[in-house]
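S.K.: Take this sequence and fold it.
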Amino acid sequence: MSTATPAAATPATLRQVVLASMIGTTIEWYDFFLYGSASALVFGKLFFPKADPTMGVLLSFTTYALGFVARPLGGLVFGHFGDRIGRKQLLMLSLIMMGGSTVLIGLLPTFDQVGLFAPLLLVLLRLIQGFAVGGEWGGAVLMVTEYGEASRRGFWAGWPQAGVPAGNLLAAAVLAIMSAVQSNGEFLAWGWRVPFLLSAVLVAVGYWVRITLAESPLFRQAMDDAGAPPQVPVMDAIRERPGGIAIGAGLRVAENISFYVFATFGLTYLVDHLHVPRTTALNATLIGTAVEVAIIPLAASLSDRVGRRPIYFLGALGLAIWGFVFFRLLDSGQTPLIVLAMIGGLACHGLMYGPQAAFIAELFPTRMRYSGASLAYQGTSIFAGSLAPIIALALLTRFHSWVPIAIYLAIAGVISAISALKARETKGLSFAEIDQIR
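M.R.: Here you go, the predicted model:
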């Protein structure tokens with residue numbers, strides 16, 4: 001069995017891998033987040049018009065949550081084949097599936113046109129979106145982490161992470177532009193469809209960039225050493241690294257819940273509860289997300305210097321506190337304070353999200369890394385991100401106060417802070433060393 005370490009990638013090759021991973025991730029999450037923003041703003045009116053306004057939004061968020069339910073299944077399927085046949089082919093497939101389903105959402109008839117078929121088709125396409133994005137994260141992150149050198153792995157892995165809020169930034173920007181140049185009637189009639197249809201162009205660009213990538217050298221080396229691919233890598237991960245899966249899931253709780261409370265439920269709270277103009281709410285989210293895009297690579301780089309654990313712990317602790325500040329700022333109704341609320345919340349999220357990719361990838365050896373990382377990352381989305389807007393809206397409806405929502409965020413922050421402290425520090429370790437850890 002060979003024990004040779006693959007030669008380090010040249011700077012030019014590494015930059016190409018990072019660019020391809022980030023662009024593709026930005027496009028896929030543009031598609032995914034576009035649905036979330038549309039759920040908050042228009043889907044309740046177009047696909048569930050027979051319900052009262054609050055119930056319409058709740059039903060819209062329920063279809064939104066179904067995408068998260070499909071993500072673990074996508075993570076398992078893509079992880080299984082990603083650990084058996086390679087990272088690149090699965091990345092290409094996830095991009096095509098996501099783009100196709102998003103374009104079709106933009107072409108859907110509404111409830112007034114075809115009745116119940118409209119929400120049923122919406123649910124089907126949302127499930128395909130969730131399945132595709134479930135496989136995207138693991139492949140994009142592993143391509144970068146397995147190409148990059150150990151001393152700067154956190155920094156390089158942070159760039160695909162930045163592609164996630166960049167996708168949200170792009171989605172919010174397109175929606176904000178359409179909302180600003182159209183009346184409410186025009187936006188509901190056809191304007192909301194334009195961002196979904198634009199996905200066809202974006203996916204074509206992403207496909208062209210990713211098709212030039214070579215397979216991960218670390219994966220190729222692992223297959224050469226093993227002589228055959230693992231039969232059921234996800235079972236290997238569950239059997240051999242249950243602690244890694246639990247820690248990875250715990251790290252995800254606060255990060256996943258907080259993002260969808262701030263960036264998705266926050267829109268509903270501002271527009272439907274406080275009656276803040278839709279453009280103001282979208283612009284505040286836009287600014288906060290732009291700040292996070294800058295914070296993520298900074299936090300990722302700091303994790304290479306001071307460690308993954310302290311940076312992650314700081315973000316989780318900040319989140320546990322900021323929830324109480326966030327809603328007080330929103331309640332002011334003043335645009336600068338609304339913007340500050342979004343910036344603070346998404347900055348705390350960025351401190352967690354920056355080092356997260358390297359942190360979770362380093363919990364698993366190469367032969368089961370795609371499956372293990374995807375299971376830890378995507379499994380959490382069922383009870384965290386998928387339910388966050390629904391739980392937040394239900395708490396607001398039940399108690400007529402944002403305080404229970406802030407408590408919900410604080411509990412999530414404590415769970416992730418404890419998980420960060422329980423995790424082993426892996427900064428600077430080569431994957432050869434990580435593969436030997438039991």
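S.K.: centroid residue for the protein?
M.R.: Relative to the mean C-alpha position of the chain, the nearest C-alpha, by C-alpha atoms, centre = their mean, is the one of V164, at 5.6 Å.
S.K.: Pull out the buried residues from the host helix or strand of that residue.
M.R.: Following DSSP states H and E, one finds V164 within helix 153-181. In terms of neighbour count (16 or more other C-beta atoms under 10 Å), helix 153-181 has its buried residues at 153-176, 178-179. No exception for glycine: its C-beta is placed from N, CA and C like everyone else's.
S.K.: what's the distance between whatever helix or strand comes next after that helix and the middle of its chain?
M.R.: The helix or strand immediately downstream of helix 153-181 is helix 184-186, counting by DSSP H and E. Helix 184-186 has its C-alpha centroid displaced from the chain centroid by 30 Å (C-alpha atoms, centre = their mean, to the nearest Å).
S.K.: what do you get for stretch 324-333?
M.R.: So, by C-alpha atoms, centre = their mean, the centroid of stretch 324-333 is 25 Å from its chain's centroid.
S.K.: and if you look at stretch 68-77?
M.R.: For stretch 68-77, the distance to the chain centre is 13 Å (C-alpha atoms, centre = their mean).
S.K.: Contacts for that stretch next, please.
M.R.: 94, 126-135, 137-138, 234, 371, 374-375, 377-379, 381-382, 385-386 (C-beta atoms under 8 Å, 6 or more residues apart in numbering).
S.K.: about what we covered before: which strands and helices lie in contact with the helix holding V164?
M.R.: For helix 153-181, the packing partners by 3 or more C-beta pairs under 8 Å, 6 or more residues apart in numbering; DSSP states H and E come out as helix 11-38, helix 117-147, helix 193-197, helix 278-306, helix 335-361.
S.K.: so where's the stretch 101-250 of the chain uncertain?
M.R.: 226-227 (pLDDT under 70).
S.K.: gap between L317 and G345?
M.R.: L317 is 14 Å from G345, where distance means C-beta to C-beta, to the nearest Å.
S.K.: Could you check which of the two has the larger neighbour count?
M.R.: G345 (26 against 19; other C-beta atoms under 10 Å).
S.K.: OK, contacts around that one?
M.R.: G345 neighbours (C-beta under 8 Å, 6+ apart): 258, 262, 266, 288, 319, 322-323, 326.
S.K.: Is the residue lying closest to T366 once chain neighbours are set aside in a helix, a strand, or coil?
M.R.: Among residues not flanking T366 along the chain, A222 sits closest, at 4.3 Å (C-beta to C-beta, 6 or more residues apart in numbering). The three-state assignment at A222 reads helix, by DSSP: H, G, I helix; E, B strand; the rest coil.
S.K.: number of nearby residues for A222?
M.R.: 22.
S.K.: do F359 as well
M.R.: Counted with other C-beta under 10 Å, F359 comes out at 29.
S.K.: Over to E186?
M.R.: 13.
S.K.: Let me know the closest of the contacts of G345 to A341.
M.R.: Closest approach to A341 among the contacts of G345 (C-beta to C-beta): F326, at 4.8 Å.
S.K.: ok, so what distance separates the closest one from A284?
M.R.: F326 is 11 Å from A284, by C-beta to C-beta.
S.K.: you'd agree S94 is up against E136?
M.R.: Yes - S94 is within contact range of E136, at 4.4 Å (criterion: C-beta atoms under 8 Å).
S.K.: Looking at those two, which is more packed in?
M.R.: For S94 and E136, the more surrounded residue by other C-beta under 10 Å is E136, and the numbers stand at 33 against 27.
S.K.: so who does that one touch?
M.R.: 24-25, 28-29, 78, 91, 94-95, 98.
S.K.: next one: V325
M.R.: Per C-beta under 8 Å, 6+ apart, neighbours of V325: 341, 344.
S.K.: Can you tell me how far it is from A432?
M.R.: On the measure of C-beta to C-beta, V325 and A432 end up 44 Å apart.
S.K.: would JSON lines of the contacts of E136 with distance to Y35 and pLDDT be doable?
M.R.: Formatted as JSON lines, these follow (distance: C-beta to C-beta, whole Å; pLDDT from 0 to 100):
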{"residue": "G24", "distance to Y35": "18", "pLDDT": "74"}
{"residue": "T25", "distance to Y35": "16", "pLDDT": "78"}
{"residue": "E28", "distance to Y35": "12", "pLDDT": "71"}
{"residue": "W29", "distance to Y35": "11", "pLDDT": "75"}
{"residue": "F78", "distance to Y35": "20", "pLDDT": "87"}
{"residue": "L91", "distance to Y35": "21", "pLDDT": "80"}
{"residue": "S94", "distance to Y35": "16", "pLDDT": "85"}
{"residue": "L95", "distance to Y35": "16", "pLDDT": "84"}
{"residue": "M98", "distance to Y35": "11", "pLDDT": "83"}
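S.K.: Are any of those residues buried, and if so which?
M.R.: Among these, the ones that count as buried (16+ other C-beta under 10 Å) are 24-25, 28-29, 78, 91, 94-95, 98.
S.K.: ok, of the residues you listed, which one's closest to V114?
M.R.: After measuring the buried ones among the contacts of E136 against V114 - C-beta to C-beta - the closest member comes out as M98, at 24.2 Å.
S.K.: The closest one contacts Q129, doesn't it?
M.R.: Yes - at 6.0 Å, M98 counts as touching Q129 under the criterion of C-beta under 8 Å.
S.K.: Identify each buried residue in the helix ranked longest in the chain, please.
M.R.: In the chain, with assignment by DSSP state H, the single longest helix is helix 53-85. Residues 56-72, 74-84 are the ones in helix 53-85 that count as buried (16+ other C-beta under 10 Å).
S.K.: What residues does the closest residue to A237 other than its chain neighbours make contact with?
M.R.: Leaving aside its sequence neighbours, A237 sits nearest to G372 (C-beta to C-beta, 6+ apart; 3.5 Å). Shown in contact with G372 (C-beta under 8 Å, 6+ apart): 79, 233-234, 237, 241, 244-245, 248, 363-364.
S.K.: among those residues, which two are most distant?
M.R.: Maximum distance among these (C-beta to C-beta): 15.3 Å, for P233 and G248.
S.K.: And those two? Which one has more around it.
M.R.: G248 (27 against 24).
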